[in-house]
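Asker: When you get a sec, could you give me coordinates for this:
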Amino acid sequence: MNTPNKLTLLRVIMVPIFMWAITAGYYVAAVVIFILASLTDQLDGHLARKNNQVTTFGKLMDPLADKILTISALVCLLGIGADFINSWVVMIIIARELIVTGIRQLAMGENTVIAASSWGKAKTVSQMAALIAVMIDLVFPLRVGEAFYTCLTFWLVALAVALTVYSGIDYVVKNRHLITFK
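Answerer: You can find the predicted model right below:
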């Protein structure tokens, strides 16, 4: 197993540790773990392309590891009542991820692997940035008068939701030939 694939698996392994930390109230540890896990996403893709180590496993598992990380974070943040994370935000993101995963499954049935698109990558980065901003609010609760950070976090979450919807539509449109009702 090559290094990029090991980093992808490391990201998945970090998820339950992150979940324990955030639900136990260890917010600083949770933010650090989430940031490190997010960085493995950037690093594994960079190393795979740089060292010509792109694999079918990586094409499938990297986006899945991202989904596991972000959905776990969203569910935990919703569960602890974090600001900026509402049930409709979580549902939109989970619905998109399930739809795209379904399309990837259809592609696999056709012996095709759908690599992450530019919009999908932008969606992932925006989701991770928004989640980090929300978690920083847990570490340093916002106080009245800190309108800039409140506004920034709100718009990061809004951007993540918008890119989630757009990239989902993009995947459906580009791969509509896989969707048949036979």
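
Asker: low-confidence ranges in this protein?
Answerer: Filtered on pLDDT under 70, the chain yields the residue ranges 142-145, 182.

Asker: Helices of that one, start to end?
Answerer: Counting by DSSP state H, one finds helices in the chain at the ranges 3-23, 27-50, 56-79, 87-109, 118-139, 147-174.

Asker: any chance of the ones you listed in a markdown table, plus mean neighbour count and distance to F181?
Answerer: No exception for glycine: its C-beta is placed from N, CA and C like everyone else's. A markdown table is the format used below for the helices of the chain (neighbours: other C-beta atoms under 10 Å; distance: least, C-beta to C-beta, whole Å):
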| stretch | mean neighbour count | distance to F181 |
| --- | --- | --- |
| helix 3-23 | 18 | 34 |
| helix 27-50 | 18 | 34 |
| helix 56-79 | 20 | 25 |
| helix 87-109 | 16 | 12 |
| helix 118-139 | 20 | 25 |
| helix 147-174 | 16 | 14 |
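
Asker: Relative to T180, tell me which of the ones you listed wins on proximity.
Answerer: With C-beta to C-beta, the closest approach to T180 among these belongs to helix 87-109: 8.6 Å.

Asker: what packs against the closest one?
Answerer: helix 56-79, helix 147-174 (3 or more C-beta pairs under 8 Å, 6 or more residues apart in numbering; DSSP states H and E).

Asker: Distance to M14 for these - can I get that in JSON lines?
Answerer: Output for the helices and strands packed on helix 87-109, formatted as JSON lines (distance: least, C-beta to C-beta, whole Å):
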{"stretch": "helix 56-79", "distance to M14": "8"}
{"stretch": "helix 147-174", "distance to M14": "20"}
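
Asker: Go through these and name the closest to A95.
Answerer: Set against A95 and scored by C-beta to C-beta, these come closest in helix 147-174, at 7.9 Å.

Asker: Between helix 56-79 and the closest one, find me the angle.
Answerer: 140 degrees (axes from the mean of the first three to the mean of the last three C-alpha atoms, to 10 degrees).

Asker: From V100, how far out is the residue lying closest to A95 once chain neighbours are set aside?
Answerer: Using C-beta to C-beta, 6 or more residues apart in numbering and skipping the chain neighbours, the partner closest in space to A95 is G168 (7.9 Å). Going from G168 to V100 by C-beta to C-beta, to the nearest Å gives 6 Å.

Asker: where's the nearest residue in space to A133 that is not next to it in sequence relative to I35, distance?
Answerer: Excluding the flanking residues, the one nearest A133 by C-beta to C-beta, 6+ apart is T153, at 4.4 Å. Distance, T153 to I35, by C-beta to C-beta: 16 Å.
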